[in-house]
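1. just coords:
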Ligand code: HPA
Ligand code: ZN
(Lines give C-alpha, C1' and ligand atoms only; values in the text may rest on other atoms or scores of the structure.)
(Ligands and ions follow the chains in the order given, each with its own letter.)
Protein backbone atom coordinates (compact mmCIF):
# COMPACT_ATOMS: atom_id res chain seq x y z
CA UNK A 1 0.00 0.00 0.00
CA UNK A 2 2.83 2.36 0.87
CA UNK A 3 4.50 3.74 -2.23
CA UNK A 4 8.28 3.52 -2.44
CA UNK A 5 10.12 6.72 -3.34
CA UNK A 6 11.83 4.94 -6.26
CA UNK A 7 8.45 4.38 -7.92
CA UNK A 8 8.20 8.09 -8.72
CA UNK A 9 4.87 9.25 -10.10
CA UNK A 10 3.76 5.69 -10.85
CA UNK A 11 2.58 3.90 -13.95
CA UNK A 12 0.27 5.26 -16.64
CA UNK A 13 -2.57 3.21 -15.16
CA UNK A 14 -1.96 4.79 -11.71
CA UNK A 15 -1.85 8.24 -13.27
CA UNK A 16 -5.20 7.62 -14.87
CA UNK A 17 -6.63 6.61 -11.46
CA UNK A 18 -5.51 9.98 -10.04
CA UNK A 19 -7.14 11.78 -12.95
CA UNK A 20 -10.24 9.67 -12.41
CA UNK A 21 -10.36 10.76 -8.75
CA UNK A 22 -9.78 14.43 -9.57
CA UNK A 23 -12.56 14.41 -12.15
CA UNK A 24 -15.17 12.58 -10.08
CA UNK A 25 -18.20 14.48 -8.80
CA UNK A 26 -17.93 14.92 -5.04
CA UNK A 27 -18.92 16.95 -2.00
CA UNK A 28 -16.58 18.91 0.26
CA UNK A 29 -17.75 18.88 3.88
CA UNK A 30 -14.85 20.34 5.84
CA UNK A 31 -13.59 23.70 4.69
CA UNK A 32 -13.34 26.91 6.74
CA UNK A 33 -14.22 29.92 4.62
CA UNK A 34 -11.61 31.98 6.49
CA UNK A 35 -9.10 29.27 5.56
CA UNK A 36 -9.67 29.95 1.85
CA UNK A 37 -8.28 33.49 2.18
CA UNK A 38 -5.37 33.39 -0.27
CA UNK A 39 -2.30 35.61 0.38
CA UNK A 40 -3.12 37.72 -2.70
CA UNK A 41 -6.61 38.46 -1.39
CA UNK A 42 -5.25 39.14 2.13
CA UNK A 43 -2.96 41.80 0.66
CA UNK A 44 -5.56 43.42 -1.58
CA UNK A 45 -8.20 43.51 1.18
CA UNK A 46 -5.63 44.92 3.65
CA UNK A 47 -4.98 47.75 1.17
CA UNK A 48 -8.65 48.29 0.39
CA UNK A 49 -9.65 48.39 4.06
CA UNK A 50 -6.56 50.16 5.43
CA UNK A 51 -5.67 47.25 7.73
CA UNK A 52 -2.05 47.10 8.92
CA UNK A 53 -0.62 43.59 8.77
CA UNK A 54 2.60 42.20 10.24
CA UNK A 55 3.41 40.76 6.77
CA UNK A 56 4.71 43.23 4.15
CA UNK A 57 4.06 41.05 1.07
CA UNK A 58 2.40 37.94 -0.32
CA UNK A 59 5.78 36.23 -0.26
CA UNK A 60 6.23 37.03 3.44
CA UNK A 61 2.80 35.59 4.12
CA UNK A 62 3.54 32.43 2.15
CA UNK A 63 6.82 32.06 4.02
CA UNK A 64 4.87 32.26 7.32
CA UNK A 65 2.87 29.17 6.33
CA UNK A 66 5.26 26.78 8.08
CA UNK A 67 3.52 25.45 11.13
CA UNK A 68 4.60 23.51 14.21
CA UNK A 69 1.10 22.53 15.26
CA UNK A 70 -2.54 23.63 15.18
CA UNK A 71 -1.97 26.66 17.44
CA UNK A 72 0.87 28.09 15.35
CA UNK A 73 -1.45 27.93 12.32
CA UNK A 74 -4.41 29.46 14.16
CA UNK A 75 -2.29 32.46 15.19
CA UNK A 76 -1.68 33.32 11.51
CA UNK A 77 -5.22 32.39 10.45
CA UNK A 78 -6.84 34.78 12.95
CA UNK A 79 -4.34 37.55 12.09
CA UNK A 80 -5.17 37.31 8.36
CA UNK A 81 -8.93 37.23 9.02
CA UNK A 82 -8.62 40.81 10.30
CA UNK A 83 -8.59 42.10 6.69
CA UNK A 84 -12.23 40.98 6.24
CA UNK A 85 -14.43 43.94 7.10
CA UNK A 86 -17.36 44.48 4.74
CA UNK A 87 -20.21 42.36 3.37
CA UNK A 88 -18.53 42.62 -0.04
CA UNK A 89 -15.29 41.16 1.41
CA UNK A 90 -17.11 38.07 2.69
CA UNK A 91 -19.01 37.77 -0.60
CA UNK A 92 -15.80 37.90 -2.67
CA UNK A 93 -14.11 35.40 -0.37
CA UNK A 94 -16.96 32.92 -0.83
CA UNK A 95 -17.17 33.35 -4.61
CA UNK A 96 -13.40 32.88 -4.98
CA UNK A 97 -13.58 29.59 -3.06
CA UNK A 98 -16.62 28.34 -4.98
CA UNK A 99 -14.90 28.97 -8.33
CA UNK A 100 -12.01 26.78 -7.22
CA UNK A 101 -14.37 24.16 -5.82
CA UNK A 102 -16.28 23.91 -9.10
CA UNK A 103 -13.00 23.52 -11.00
CA UNK A 104 -12.23 20.51 -8.75
CA UNK A 105 -15.46 18.72 -9.67
CA UNK A 106 -17.19 19.58 -6.39
CA UNK A 107 -20.98 19.73 -6.72
CA UNK A 108 -21.87 20.41 -3.09
CA UNK A 109 -20.06 22.20 -0.24
CA UNK A 110 -20.73 22.51 3.47
CA UNK A 111 -18.70 25.46 4.69
CA UNK A 112 -17.67 26.52 8.18
CA UNK A 113 -17.55 30.10 9.30
CA UNK A 114 -16.29 31.57 12.59
CA UNK A 115 -18.43 34.62 13.45
CA UNK A 116 -16.73 35.20 16.80
CA UNK A 117 -13.47 35.95 14.98
CA UNK A 118 -15.22 38.87 13.29
CA UNK A 119 -17.68 40.15 15.91
CA UNK A 120 -14.76 40.44 18.36
CA UNK A 121 -13.32 43.07 15.94
CA UNK A 122 -16.56 45.02 15.78
CA UNK A 123 -17.89 43.51 12.54
CA UNK A 124 -21.65 42.92 12.72
CA UNK A 125 -22.79 39.30 12.70
CA UNK A 126 -25.23 40.22 9.91
CA UNK A 127 -22.41 41.63 7.73
CA UNK A 128 -20.60 38.30 7.85
CA UNK A 129 -23.67 36.15 7.32
CA UNK A 130 -25.15 38.25 4.50
CA UNK A 131 -21.90 38.34 2.54
CA UNK A 132 -21.35 34.60 2.84
CA UNK A 133 -24.97 33.73 2.01
CA UNK A 134 -24.97 36.00 -1.02
CA UNK A 135 -21.77 34.32 -2.19
CA UNK A 136 -23.29 30.88 -1.71
CA UNK A 137 -26.33 31.94 -3.76
CA UNK A 138 -24.04 33.16 -6.53
CA UNK A 139 -22.41 29.72 -6.53
CA UNK A 140 -25.57 28.17 -7.90
CA UNK A 141 -24.59 29.52 -11.33
CA UNK A 142 -21.49 27.35 -11.06
CA UNK A 143 -23.71 24.30 -10.43
CA UNK A 144 -22.84 24.19 -6.73
CA UNK A 145 -25.20 23.76 -3.85
CA UNK A 146 -24.03 24.77 -0.40
CA UNK A 147 -24.66 24.78 3.33
CA UNK A 148 -23.30 27.11 5.99
CA UNK A 149 -22.13 25.73 9.33
CA UNK A 150 -21.49 28.21 12.10
CA UNK A 151 -18.65 27.22 14.43
CA UNK A 152 -18.07 28.15 18.05
CA UNK A 153 -14.45 28.85 18.95
CA UNK A 154 -13.48 26.38 21.66
CA UNK A 155 -10.62 28.53 23.01
CA UNK A 156 -13.37 30.90 24.17
CA UNK A 157 -15.92 30.09 26.89
CA UNK A 158 -19.30 28.44 26.62
CA UNK A 159 -20.84 31.74 27.81
CA UNK A 160 -19.30 33.39 24.73
CA UNK A 161 -20.67 30.59 22.54
CA UNK A 162 -24.14 31.27 23.99
CA UNK A 163 -23.71 34.98 23.14
CA UNK A 164 -22.79 34.06 19.55
CA UNK A 165 -25.80 31.74 19.34
CA UNK A 166 -28.07 34.55 20.54
CA UNK A 167 -26.84 36.64 17.59
CA UNK A 168 -27.50 33.74 15.22
CA UNK A 169 -31.00 32.88 16.41
CA UNK A 170 -32.83 35.61 14.44
CA UNK A 171 -31.13 34.24 11.28
CA UNK A 172 -31.52 30.50 11.77
CA UNK A 173 -33.05 30.00 8.33
CA UNK A 174 -29.63 31.01 6.91
CA UNK A 175 -27.58 28.68 9.15
CA UNK A 176 -27.72 24.98 8.32
CA UNK A 177 -25.81 23.58 11.29
CA UNK A 178 -23.32 24.28 14.05
CA UNK A 179 -19.79 23.08 14.71
CA UNK A 180 -16.88 23.43 17.12
CA UNK A 181 -13.38 24.45 16.02
CA UNK A 182 -10.13 26.22 17.03
CA UNK A 183 -7.56 25.01 19.59
CA UNK A 184 -8.46 21.46 20.53
CA UNK A 185 -6.01 20.50 23.28
CA UNK A 186 -7.34 21.42 26.72
CA UNK A 187 -10.77 22.37 25.31
CA UNK A 188 -12.85 19.17 25.33
CA UNK A 189 -16.34 19.04 23.80
CA UNK A 190 -17.81 18.54 27.30
CA UNK A 191 -17.19 22.24 27.98
CA UNK A 192 -19.85 23.04 25.34
CA UNK A 193 -22.54 20.45 26.16
CA UNK A 194 -25.22 22.99 27.11
CA UNK A 195 -24.82 25.31 24.13
CA UNK A 196 -25.05 22.36 21.73
CA UNK A 197 -28.15 21.11 23.59
CA UNK A 198 -29.66 24.51 22.79
CA UNK A 199 -28.56 24.18 19.14
CA UNK A 200 -30.31 20.80 18.91
CA UNK A 201 -33.45 22.18 20.56
CA UNK A 202 -33.51 24.75 17.73
CA UNK A 203 -33.58 21.87 15.23
CA UNK A 204 -30.07 22.32 13.87
CA UNK A 205 -27.57 19.46 13.32
CA UNK A 206 -24.22 19.39 15.10
CA UNK A 207 -20.69 18.53 14.00
CA UNK A 208 -17.45 18.93 15.94
CA UNK A 209 -13.72 18.93 15.34
CA UNK A 210 -12.39 16.09 17.50
CA UNK A 211 -9.45 13.72 17.41
CA UNK A 212 -7.26 16.00 15.28
CA UNK A 213 -4.70 16.75 18.02
CA UNK A 214 -6.98 15.76 20.87
CA UNK A 215 -7.42 12.20 22.19
CA UNK A 216 -10.12 9.66 21.25
CA UNK A 217 -11.94 10.64 24.48
CA UNK A 218 -12.85 13.94 22.78
CA UNK A 219 -14.52 11.99 19.95
CA UNK A 220 -16.57 10.01 22.47
CA UNK A 221 -17.61 13.31 24.09
CA UNK A 222 -18.55 14.85 20.73
CA UNK A 223 -20.77 11.82 20.03
CA UNK A 224 -22.28 11.30 23.49
CA UNK A 225 -22.52 14.85 24.84
CA UNK A 226 -22.84 17.03 21.73
CA UNK A 227 -24.63 14.36 19.62
CA UNK A 228 -22.39 15.22 16.68
CA UNK A 229 -23.61 13.78 13.35
CA UNK A 230 -20.12 13.96 11.83
CA UNK A 231 -16.64 14.18 13.32
CA UNK A 232 -14.28 16.69 11.71
CA UNK A 233 -10.82 15.11 11.37
CA UNK A 234 -11.26 12.19 13.83
CA UNK A 235 -8.01 10.57 12.67
CA UNK A 236 -7.05 9.63 16.24
CA UNK A 237 -10.12 7.36 16.43
CA UNK A 238 -7.92 4.51 15.24
CA UNK A 239 -6.19 4.47 18.64
CA UNK A 240 -9.41 3.16 20.22
CA UNK A 241 -10.88 -0.06 18.75
CA UNK A 242 -14.18 0.32 20.65
CA UNK A 243 -14.57 3.81 19.19
CA UNK A 244 -13.88 2.51 15.69
CA UNK A 245 -16.58 -0.15 16.18
CA UNK A 246 -19.02 2.55 17.31
CA UNK A 247 -18.22 4.83 14.35
CA UNK A 248 -18.44 1.99 11.83
CA UNK A 249 -21.73 0.67 13.22
CA UNK A 250 -23.35 4.12 13.30
CA UNK A 251 -21.90 5.27 9.94
CA UNK A 252 -20.78 8.52 11.59
CA UNK A 253 -18.62 10.17 8.92
CA UNK A 254 -15.08 11.43 9.50
CA UNK A 255 -14.19 14.50 7.43
CA UNK A 256 -10.47 13.87 6.99
CA UNK A 257 -8.09 16.60 5.73
CA UNK A 258 -4.80 15.00 4.62
CA UNK A 259 -2.72 18.07 3.67
CA UNK A 260 -3.86 19.85 6.83
CA UNK A 261 -2.77 16.90 8.96
CA UNK A 262 0.70 16.87 7.41
CA UNK A 263 1.15 20.67 7.55
CA UNK A 264 0.06 20.74 11.23
CA UNK A 265 2.28 17.74 12.03
CA UNK A 266 -0.51 15.41 13.06
CA UNK A 267 1.44 13.02 10.78
CA UNK A 268 5.11 13.62 9.91
CA UNK A 269 4.56 13.02 6.18
CA UNK A 270 1.80 11.90 3.85
CA UNK A 271 3.06 8.31 3.67
CA UNK A 272 2.48 8.12 7.45
CA UNK A 273 -1.16 9.26 7.20
CA UNK A 274 -3.76 6.74 8.36
CA UNK A 275 -6.35 7.50 5.68
CA UNK A 276 -5.97 4.08 3.99
CA UNK A 277 -6.26 2.37 7.39
CA UNK A 278 -9.38 4.40 8.25
CA UNK A 279 -10.93 3.42 4.92
CA UNK A 280 -10.03 -0.23 5.28
CA UNK A 281 -11.48 -0.27 8.81
CA UNK A 282 -14.84 0.41 7.13
CA UNK A 283 -15.22 3.96 8.44
CA UNK A 284 -17.26 6.48 6.44
CA UNK A 285 -14.23 8.62 5.51
CA UNK A 286 -14.31 11.68 3.25
CA UNK A 287 -11.42 13.80 1.90
CA UNK A 288 -11.48 17.56 2.44
CA UNK A 289 -9.23 20.61 2.29
CA UNK A 290 -9.81 22.33 5.70
CA UNK A 291 -7.87 25.59 5.14
CA UNK A 292 -6.66 25.29 1.55
CA UNK A 293 -5.00 28.73 1.33
CA UNK A 294 -2.69 27.76 4.19
CA UNK A 295 -2.07 24.04 3.71
CA UNK A 296 -0.92 23.72 0.12
CA UNK A 297 -4.07 23.24 -1.79
CA UNK A 298 -7.70 22.59 -2.52
CA UNK A 299 -9.56 19.29 -2.68
CA UNK A 300 -7.91 17.91 -5.81
CA UNK A 301 -4.50 18.91 -4.43
CA UNK A 302 -5.35 16.73 -1.42
CA UNK A 303 -6.34 13.91 -3.76
CA UNK A 304 -3.08 14.20 -5.69
CA UNK A 305 -1.05 14.26 -2.46
CA UNK A 306 -2.81 11.13 -1.16
CA UNK A 307 -2.43 9.38 -4.51
CA UNK A 308 1.27 10.29 -4.48
CA UNK A 309 1.70 8.53 -1.14
CA UNK A 310 -0.56 5.48 -1.46
CA UNK A 311 -1.84 3.05 -4.06
CA UNK A 312 -5.58 3.62 -3.61
CA UNK A 313 -7.68 1.64 -6.08
CA UNK A 314 -10.38 3.10 -8.32
CA UNK A 315 -12.91 1.37 -6.04
CA UNK A 316 -11.45 3.16 -2.99
CA UNK A 317 -11.67 6.56 -4.69
CA UNK A 318 -15.25 5.73 -5.64
CA UNK A 319 -16.06 4.93 -2.00
CA UNK A 320 -14.52 8.23 -0.85
CA UNK A 321 -16.74 10.20 -3.24
CA UNK A 322 -19.81 8.11 -2.44
CA UNK A 323 -19.15 8.68 1.28
CA UNK A 324 -19.08 12.43 0.68
CA UNK A 325 -22.62 12.24 -0.70
CA UNK A 326 -23.74 9.86 2.05
CA UNK A 327 -22.42 12.32 4.67
CA UNK A 328 -23.92 15.47 3.06
CA UNK A 329 -26.95 17.19 4.57
CA UNK A 330 -29.29 16.74 1.62
CA UNK A 331 -32.52 14.89 0.98
CA UNK A 332 -32.49 11.30 -0.22
CA UNK A 333 -33.57 12.16 -3.78
CA UNK A 334 -30.57 14.49 -4.17
CA UNK A 335 -28.21 11.97 -2.58
CA UNK A 336 -29.40 9.27 -4.99
CA UNK A 337 -29.10 11.62 -7.98
CA UNK A 338 -25.48 12.46 -7.13
CA UNK A 339 -24.64 8.81 -6.44
CA UNK A 340 -26.11 7.88 -9.83
CA UNK A 341 -24.05 10.56 -11.53
CA UNK A 342 -20.97 9.18 -9.74
CA UNK A 343 -21.81 5.64 -10.99
CA UNK A 344 -22.25 6.98 -14.52
CA UNK A 345 -18.97 8.88 -14.34
CA UNK A 346 -17.00 5.80 -13.27
CA UNK A 347 -18.72 3.64 -15.91
CA UNK A 348 -17.90 6.21 -18.64
CA UNK A 349 -14.26 6.16 -17.56
CA UNK A 350 -14.15 2.37 -17.86
CA UNK A 351 -14.54 1.54 -14.17
CA UNK A 352 -18.08 0.22 -13.59
CA UNK A 353 -18.74 0.50 -9.84
CA UNK A 354 -22.52 0.56 -9.44
CA UNK A 355 -23.60 -2.07 -6.92
CA UNK A 356 -19.98 -2.82 -5.98
CA UNK A 357 -17.56 -1.55 -3.35
N1 LIG B 1 -8.76 22.67 13.47
C2 LIG B 1 -9.38 23.42 14.38
N3 LIG B 1 -9.83 24.64 14.13
C4 LIG B 1 -9.66 25.14 12.91
C5 LIG B 1 -9.03 24.41 11.92
C6 LIG B 1 -8.57 23.11 12.22
O7 LIG B 1 -7.97 22.37 11.39
N8 LIG B 1 -9.03 25.20 10.81
C9 LIG B 1 -9.65 26.36 11.15
N10 LIG B 1 -10.03 26.32 12.41
ZN1 ZN C 1 -11.15 22.22 10.28
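-> Yes, it's here. Every value quoted in this text rests on a predicted model; they were computed, and no experiment measured them. Numbering: from 1, shown residues only. Ligands and ions are numbered 1, 2, ... in the order given.
2. With adjacent residues omitted, what lies nearest to residue 65?
-> Leaving out its chain neighbours, the residue that sits closest to residue 65 by Cβ to Cβ, 6 or more residues apart in numbering is residue 294, at 5.4 Å. All C-beta spots, glycine's among them, are computed from the backbone N, C-alpha and C.
3. What is the neighbour count of that neighbour?
-> 27 (other Cβ atoms under 10 Å).
4. so is it in a helix, a strand, or just coil?
-> Of the three states, residue 294 takes helix under DSSP: H, G, I helix; E, B strand; the rest coil.
5. My read is that it contacts residue 35, right?
-> Yes: the pair residue 294 / residue 35 is scored as a contact, 6.0 Å apart, by Cβ atoms under 8 Å.
6. follow-up on the earlier one: contacting residues around the residue nearest to residue 65?
-> 35, 65, 67, 73, 76, 77, 263 (Cβ atoms under 8 Å, 6 or more residues apart in numbering).
7. Next one: it, what pLDDT does it get?
-> On pLDDT, residue 294 comes in at 98.
8. same check, this time on residue 7
-> The confidence metric pLDDT takes the value 41 at residue 7.
9. I'd guess residue 149 is in a helix, am I close?
-> No: going by three-state DSSP, the assignment for residue 149 is strand, not a helix.
10. where exactly do the strands run in the stretch 201-350 of the chain?
-> Taking DSSP state E, counting those that start in this stretch, the strands of the stretch 201-350 of the chain run over residues 207-210, 230-233, 254-256, 285-287.
11. Can you say which of those strands is packed in most?
-> Of all those, strand 207-210 has the most neighbours on average by mean count of other Cβ atoms under 10 Å, namely a mean of 30.
12. Against which helices or strands is that strand packed?
-> For strand 207-210, the elements it packs on are strand 177-181, helix 216-224, strand 230-233, judged by 3 or more Cβ pairs under 8 Å, 6 or more residues apart in numbering; DSSP states H and E.
13. and ligand 1, which of these is closest to it?
-> strand 177-181 (3.6 Å; Cβ to the nearest ligand atom).
14. returning to what we had before: can you work out which residues contact both of residue 294 and residue 35?
-> Residues touching both residue 294 and residue 35 (Cβ under 8 Å, 6+ apart) are residue 77.
15. which SS state does residue 19 fall under?
-> Per three-state DSSP, residue 19 ends up helix.
16. The strand or helix carrying residue 116 packs against which elements?
-> If you go by DSSP states H and E, residue 116 is part of helix 115-119. Under the contact criterion of 3+ Cβ pairs under 8 Å, 6+ apart, helix 115-119 touches helix 70-81, helix 125-138, strand 145-153, helix 158-168.
17. That helix: how far from the chain's middle?
-> Relative to the centre of its chain, helix 115-119 is centred 19 Å away, using Cα atoms, centre = their mean, to the nearest Å.
18. And the next helix or strand past the helix or strand bottoming out on mean pLDDT in the chain?
-> Lowest mean confidence among the helices and strands of the chain (mean pLDDT, DSSP states H and E): helix 12-23, at a mean of 87. Tracing the chain past helix 12-23, the next element assigned as helix or strand by DSSP H and E is strand 26-32.
19. Show me which residues of the stretch 201-350 of the chain sit near ligand 1.
-> Where the stretch 201-350 of the chain comes near ligand 1, counting by Cβ under 6 Å from any ligand atom, the residues are 209, 212, 260, 290, 291.
20. can you tell me how far the first one sits from residue 33?
-> Between residue 209 and residue 33 the distance is 15 Å, computed by Cβ to Cβ, to the nearest Å.
21. Distance across stretch 292-305, terminal residue to terminal residue?
-> 13 Å (Cα to Cα, to the nearest Å).
22. Name the residues of that stretch that are buried.
-> 292-295, 297-305 (16 or more other Cβ atoms under 10 Å).
23. What of stretch 137-155?
-> 139, 144, 145, 146, 147, 148, 149, 150, 151, 152, 153, 154.
24. which among the residues you listed gets closest to residue 90?
-> Using Cβ to Cβ, residue 148 is the member of the buried residues of stretch 137-155 that lies nearest residue 90, at 11.2 Å.
25. I'd assumed residue 173 was in contact with that closest one.
-> No: Residue 148 is beyond contact range of residue 173, at 10.9 Å (criterion: Cβ under 8 Å).
26. pLDDT value on residue 2, please?
-> 47.
27. quick revisit: so for ligand 1, which of the helices and strands packed on helix 115-119 sits nearest?
-> With Cβ to the nearest ligand atom, the closest approach to ligand 1 among the helices and strands packed on helix 115-119 belongs to helix 70-81: 5.6 Å.
28. Name the residues of that closest one that come out as buried.
-> For helix 70-81, the buried set under the neighbour-count rule, 16+ other Cβ under 10 Å, comprises 70, 73, 74, 76, 77, 78, 80, 81.
29. Now the fourth one. Nearest residue, chain neighbours left out?
-> Excluding its sequence neighbours, the residue lying closest to residue 76 (Cβ to Cβ, 6+ apart) is residue 64, at 5.6 Å.
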